[in-house]
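>>> model the following, please.
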Amino acid sequence: MKHIFYTGWAMDAYPEMDEPAMAHHVERQLKLGANFIWIGHNNPGEADAQKIEPGLSFAVYEAFMDKSDPRHDDAIQILAAQRRLLDYCLRHHVHVVFPIGYQIQMGERWNAAHPESLRRHLDGTVVDYGGVSACSYSPQYEKDIRRYYEWVAETFIKDYRPIILLVNLADEPFGANYSPWAEQVFRERTGLTFAQALNGGDEEKCLLGDFQSYYVVDYAAWSARIWHEVCPDIPSTMSFCGFHAREENLLPSMVGLFAETPEYFHPTFDVYPRDGDQKTSIKEDDVVMLILLLRQLGYLSGKYRKPYWLWTTGNSWGLGQGSSDKANIADAIVNQLMALAFALENVGHLSGFAIWNYNVKCQGLYNDIYETVYDIEDMFKKLTRVVGILRDLPLRNIRRLPDLAIVTERNYAAKYIAESGATTLVHPFPFARFTDAAKNNLNIFMDESLADVISYCDECKIAYPPMLVYLSSGEIVPPQEEHAALLKYLSGRRRALLPRRLLSHLRNSEPFPAEIVLYDETPANISEETLTAFTHNDRLSTDRLFHFNLGEVEVAYNLTGVKRPLALRPEHKNKVVTQLNPFADLKGRHRIGAPNTAGVMLEHHEVAFISKPNSRTLKRLMDALAGA
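So this is what the prediction gives:
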């Protein structure tokens, strides 16, 4: 059976939207090429019909079930709005993703009744990241959430099963947990209390940091299993925060979300150019970290054969319309192309992506509180058509050999987390400084272990990456399997950037054939100059633009802040450069090598495509942008 790829918009079902309004908004998306709807979630997890992001969550269920609850009418309105949207989609056979939770939030009433079951910081204060979180290890939480899942299955899934692709169990769960219930689980696994681990040696600290890194992974895996017991024919997801994924990659562990969750759990990640408030513009650092994340997701999905989903940008949250440097339609187009390209190159099982967000209040494409640099209708039409044709482009998963392995060494990261005492935003790795590798289209495998990278390459019968950046302090003796992997990698004519202390742990009687570059600083302090000097070679571009490939089409994207020339190479001869302005309108076409052809200059926020003159991929893309 042919695999169906899904593209469309995330859309909120507001209580004030009647049935004709629901129909109108869905129909115009479908008309332009969308083939599913990702329904908006309940942020924060409270029962309030007038909130910015109303949806389904435990608090709404709790208020609906108790007619004496002052939130009961709000719950009725929220549930009715969900049904109006679902009813339309069922009648017209439109598939949906159905969210039923936000973070690990149970709502104010539950929190007040069960203070012993709340998630806490190391100092004992309650974790409140946009709302108070429960501790998912709490027996009370486990009992109540199972009961809630059973109600969802009986109340909604039963009626709308034919159109529900998957259920989103939670949006944006992240961070660590130092609550008593978490400590009890940690003690059962290790024999240690949190204090004993913090006051212990490297091994004890690593145990604690690893536990915290995998806390949300545990939560995701447990939730998926419970949902599967309740409703085995509908897979589940959680939509994880791309800001934390690209900035720290640890809370939760990106590797763990693929490696330690069941096969019926298909993770989702938001991958906007910048995941943050509308007043901050997109910076090159944001896109550098995004590229590393997108490549990592494709690699992990291929490695663990696990489907995943993405949220791409189509509104002010990802495009900074409240900033002094507003991103435009071309930036959003590049975001969609990157999302697909980096999945294809690493044989990632990308199931689809939803553009965030069609109508969410304050930041949505149609509800932005800021004046946009782009015409809203132009953005809507171009993005919807483009993601629609991406499903049918003449592309296929063709494994691209890796150029670079980045190992974010697990023990170093775990010790760093424990010593920080933080529940979020730990930054042991210099992801934003891999500018050269990200801009120059190096294919990257990023993992917590070199042994895992080598094992995957051996399984797939592909060559090991010719370059390795090993991010660690080198203080901790590597485990036996990792030690063997390092010796195996260094036994070939490859290049490796290693901490000097790590080399002292690698006992070898003969000099290594590999070229080894050593560093003495901690990974967090490695400079961009060091990383660039290691990864760069004469074959790479010098134009400082972002380069990547969508099939046979090379894409160049300017986010430097100034006009930059497009650097052309000998292999580009007789190809064509197709240039878009920031509004994603055709700016010009240039045959490379033709007489009297001036150099191609790209303005800030412009994009160019280098292709053969008869490229089917580029023709489909340009037709979609033009509405042909």
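
>>> in stretch 108-116, which of the residues would be classed as buried?
Applying a neighbour-count criterion of 16 or more other Cβ atoms under 10 Å, one finds 108, 109, 110, 111, 114 buried in stretch 108-116. No exception for glycine: its C-beta is placed from N, CA and C like everyone else's.

>>> and of these, the nearest to residue 407?
For those, the closest approach to residue 407 (Cβ to Cβ) belongs to residue 111, at 40.1 Å.

>>> now do the contacts for residue 317.
Neighbouring residues of residue 317 by Cβ atoms under 8 Å, 6 or more residues apart in numbering: 272, 275, 276, 277, 278, 356, 357, 363.

>>> any idea how this structure splits into domains?
Listed by automatic domain parsing, the domain ranges of the chain are 6-390, 404-535, 546-626.

>>> tell me which stretches of the stretch 501-628 of the chain form strands.
515-519, 546-550, 553-557, 564-565, 576-580, 586-591, 601-602, 607-611 (DSSP state E, counting those that start in this stretch).

>>> out of those, which is closest to residue 346?
Residue 346 lies closest to strand 546-550 among the strands of the stretch 501-628 of the chain, at 12.6 Å (Cβ to Cβ).

>>> let me see the mean pLDDT of that closest one.
Averaged over strand 546-550, pLDDT sits at 96.

>>> same check on stretch 492-499?
Rounded mean pLDDT across stretch 492-499 is 97.

>>> just the ones in helices from the contacts of residue 317, please.
With helices taken from DSSP state H, there is no overlap with the contacts of residue 317.

>>> any of the residues you listed buried? List them.
Among these, those scoring as buried are 272, 275, 276, 278, 356, 357, 363 (criterion: 16+ other Cβ under 10 Å).

>>> and these, which is closest to residue 490?
residue 275 (36.8 Å).

>>> dump the residue contacts of residue 124.
Neighbours of residue 124 in contact, by Cβ under 8 Å, 6+ apart: residue 178.

>>> change it to 10 Å
For residue 124, the contact set (Cβ atoms under 10 Å, 6 or more residues apart in numbering) comprises 178, 179, 180.

>>> can I get those residues in JSON lines including secondary structure?
Formatted as JSON lines, the contacts of residue 124 follow (DSSP: H, G, I helix; E, B strand; the rest coil):
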{"residue": "178", "secondary structure": "coil"}
{"residue": "179", "secondary structure": "coil"}
{"residue": "180", "secondary structure": "helix"}
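
>>> hang on, the earlier thing: compare the strands of the stretch 501-628 of the chain and give me the one nearest residue 482.
Per Cβ to Cβ, nearest to residue 482 of those: strand 515-519, 16.5 Å.

>>> that closest one: which residues count as buried?
By neighbour count on 16+ other Cβ under 10 Å, the buried set for strand 515-519 is 516, 519.

>>> now do it: distance to the chain's middle.
31 Å (Cα atoms, centre = their mean, to the nearest Å).

>>> what strands line up against it, and which way round?
Strand 515-519 sits in its sheet next to strand 495-499 (parallel), going by DSSP bridges.

>>> now do the buried residues in the strand it pairs with.
For strand 495-499, the neighbour count (16+ other Cβ under 10 Å) marks 495, 496, 497, 498, 499 as buried.

>>> wait, the second one touches residue 485, no?
In this case it means residue 496. No - using Cβ atoms under 10 Å, residue 496 is not in contact with residue 485; the gap is 11.7 Å.

>>> mutual contacts of those two, please.
Counting by Cβ under 10 Å, 6+ apart, the residues touching both residue 496 and residue 485 are 407, 450.

>>> in which helix or strand does residue 470 reside?
Here residue 470 sits within strand 467-471, counting by DSSP states H and E.

>>> who are the packing partners of that strand?
Here strand 467-471 touches strand 404-408, helix 410-420, strand 444-447, helix 450-460, helix 480-490, strand 495-499, strand 515-519, helix 528-535, going by 3 or more Cβ pairs under 10 Å, 6 or more residues apart in numbering; DSSP states H and E.

>>> from these, which stretch is densest packed?
Greatest average neighbour count among those goes to strand 444-447 (a mean of 26), per mean count of other Cβ atoms under 10 Å.

>>> same question for that strand, mean pLDDT?
98.

>>> partner strands of it and their direction?
Sheet partners assigned to strand 444-447 using DSSP bridges are listed as strand 404-408 (parallel).

>>> could you pull up the mean pLDDT of the strand it pairs with?
So the average pLDDT for strand 404-408 ends up being 98.

>>> any idea how far it is from the chain center?
With Cα atoms, centre = their mean, you get 18 Å for strand 404-408.

>>> C-alpha coordinates for that strand, CSV please?
Output in CSV follows, covering the C-alpha atoms of strand 404-408 (Å, rounded to 0.1, in the frame of the first residue of the first chain):
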residue,chain,number,x,y,z
LEU,A,404,30.4,14.5,9.9
ALA,A,405,29.5,12.7,13.1
ILE,A,406,28.8,14.9,16.2
VAL,A,407,28.9,12.9,19.4
THR,A,408,27.3,14.6,22.4
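
>>> just the angle between it and helix 528-535, please?
Strand 404-408 and helix 528-535 are oriented at 140 degrees to each other (axes from the mean of the first three to the mean of the last three Cα atoms, to 10 degrees).

>>> in JSON lines, list the strands of the stretch 501-628 of the chain along with distance to residue 131.
Shown next, in JSON lines, are these (distance: least, Cβ to Cβ, whole Å):
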{"stretch": "strand 515-519", "distance to residue 131": "41"}
{"stretch": "strand 546-550", "distance to residue 131": "36"}
{"stretch": "strand 553-557", "distance to residue 131": "36"}
{"stretch": "strand 564-565", "distance to residue 131": "43"}
{"stretch": "strand 576-580", "distance to residue 131": "40"}
{"stretch": "strand 586-591", "distance to residue 131": "45"}
{"stretch": "strand 601-602", "distance to residue 131": "42"}
{"stretch": "strand 607-611", "distance to residue 131": "38"}
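
>>> quick one: closest of those strands to residue 197.
Among the strands of the stretch 501-628 of the chain, the nearest to residue 197 by Cβ to Cβ is strand 515-519 (28.7 Å).

>>> mind putting the helices and strands packed on strand 467-471 into CSV with distance to residue 52?
Output for the helices and strands packed on strand 467-471, formatted as CSV (distance: least, Cβ to Cβ, whole Å):
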stretch, distance to residue 52
strand 404-408, 35
helix 410-420, 32
strand 444-447, 34
helix 450-460, 41
helix 480-490, 46
strand 495-499, 45
strand 515-519, 46
helix 528-535, 38
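
>>> could you check which helix or strand contains the most centrally placed residue in the chain?
Note on the chain: the residue nearest the mean C-alpha position is residue 269, at 3.2 Å, using Cα atoms, centre = their mean. Element membership of residue 269, judged by DSSP H and E, is strand 268-270.

>>> check which helices and strands that strand is in contact with.
Judged by 3+ Cβ pairs under 10 Å, 6+ apart, strand 268-270 is in contact with strand 164-171, strand 236-240, helix 242-247, helix 254-259, helix 284-304, strand 308-313, strand 350-356.

>>> give the rounded mean pLDDT of the last one.
Translated: strand 350-356. Per-region confidence: strand 350-356 scores 97 on mean pLDDT.

>>> sheet partners, orientation included, of that strand?
Strand pairing for strand 350-356, using DSSP bridges, gives strand 6-11 (parallel), strand 308-313 (parallel).
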